[in-house]
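Peer 1: structure for this input, please:
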Amino acid sequence: MSWNMEKTRGQESRWKVAALQMEPILGQTDQNLKKSLELIDRAVDQGAKLVVLPELTNSGWNFNSRQEAYETAESIPGGKTVSTWMKKAAERDIYIVGGVCEREGVDLFNSAVLVGPEGLIGKYRKIHLFDIEQLFFEPGNLGLPVFSTPIGKIGLLICYDLWFPEAARILMLQGADIICAPSDWTPAPKGRNWDEKDYCMANYLVMTAAHTNQVFVVGACRVGTDRGLTFLGRSMIAGPSGWPLVGPASGDQEE
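Peer 2: As a prediction, the model looks like this:
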């Protein structure tokens, strides 16, 4: 699912941005890496310059224990997933944002990286941990950084961060043109999961963050089921008008 980004904060440009829906298999890091590369190549073959993968692309989300999470975690940038994404970015002359279960010493973080032809540009560690994530991960300790690229200034959030409007506002105040949000949107604990337009709550949060901050927001959500928990998909890219530029995508297809 992709869109040509026409303008970034007053400067004319034309870049195709892709939000990639994928079904990571819990604990299968090699299989997940292979699938991510296939989806990246498919998007780039269609002209994408920036591709955004879901939250915890390398590992899956619904862990049973901290030990299980630890066994799938990787260092950044030395781990296999990020190292391979860096090689792919250099090979295809593109920028990749993806979610990674990160290990630093004994600590685990729900992280996202931005890599490009020049290598690792930066990483972000999720600040607002959702539900069972608090059992496995430490809260992010890197703040809310914004990274300069030829595409524009890119800020990173992860999933539940979108529920806290000040996070996107801080990125905008630092000059972000694009906010990329790898996500694993889950069913609502109470009430309905989507409305008559087939939008889930996260779609409206993507639209709101884009409009109130006058930025592009890319919400790339996973699909599939982990241990009985079915994720919502419905990835979306919204522009400064607040309206969707593309999406929501399907609720159950890799695309």
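Peer 1: how far away is the residue nearest the centre of the chain from Glu104?
Peer 2: Centroid-nearest residue in the chain: Pro182, 1.4 Å away (criterion: CA atoms, centre = their mean). Taking CB to CB, to the nearest Å as the measure, Pro182 and Glu104 are separated by 19 Å. Bear in mind the C-beta positions are built from the backbone N, C-alpha and C, glycine included.
Peer 1: same question for Pro240.
Peer 2: 35 Å.
Peer 1: and Gly98, what does it touch?
Peer 2: Neighbouring residues of Gly98 by CB atoms under 8 Å, 6 or more residues apart in numbering: Ser36, Val52, Leu53, Pro54, Thr57, Asn58, Thr81, Trp85, Ala112, Val113, Pro182.
Peer 1: show me what the helix or strand harbouring Leu50 pairs with in its sheet, parallel or antiparallel.
Peer 2: Assessed by DSSP states H and E, Leu50 sits inside strand 48-52. Under the criterion DSSP bridges, strand 48-52 sits next to strand 11-19 (parallel), strand 95-104 (parallel) in its sheet.
Peer 1: name the nearest residue to Ala241, sequence neighbours excluded.
Peer 2: Slight slip there: residue 241 is Ser, not Ala. His211 (6.6 Å; CB to CB, 6 or more residues apart in numbering).
Peer 1: now swap in Asp226 and tell me
Peer 2: In space, and not counting its chain neighbours, Asp226 is closest to Asn62: 3.6 Å by CB to CB, 6+ apart.
Peer 1: got phi/psi on the one you found?
Peer 2: Dihedral angles of Asn62 (phi, psi; degrees, to the nearest 10) stand at phi -90, psi 70.
Peer 1: contacts only, for it.
Peer 2: Leu26, Ile132, Asp226, Arg227, Leu229.
Peer 1: I'd like those residues as TSV, with neighbour count appended.
Peer 2: Formatted as TSV, the contacts of Asn62 follow (neighbours: other CB atoms under 10 Å):
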residue	neighbour count
Leu26	18
Ile132	13
Asp226	19
Arg227	10
Leu229	13
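Peer 1: just those residues: which are in strands?
Peer 2: Applying DSSP state E to the contacts of Asn62, the entries found in strands are Asp226, Leu229.
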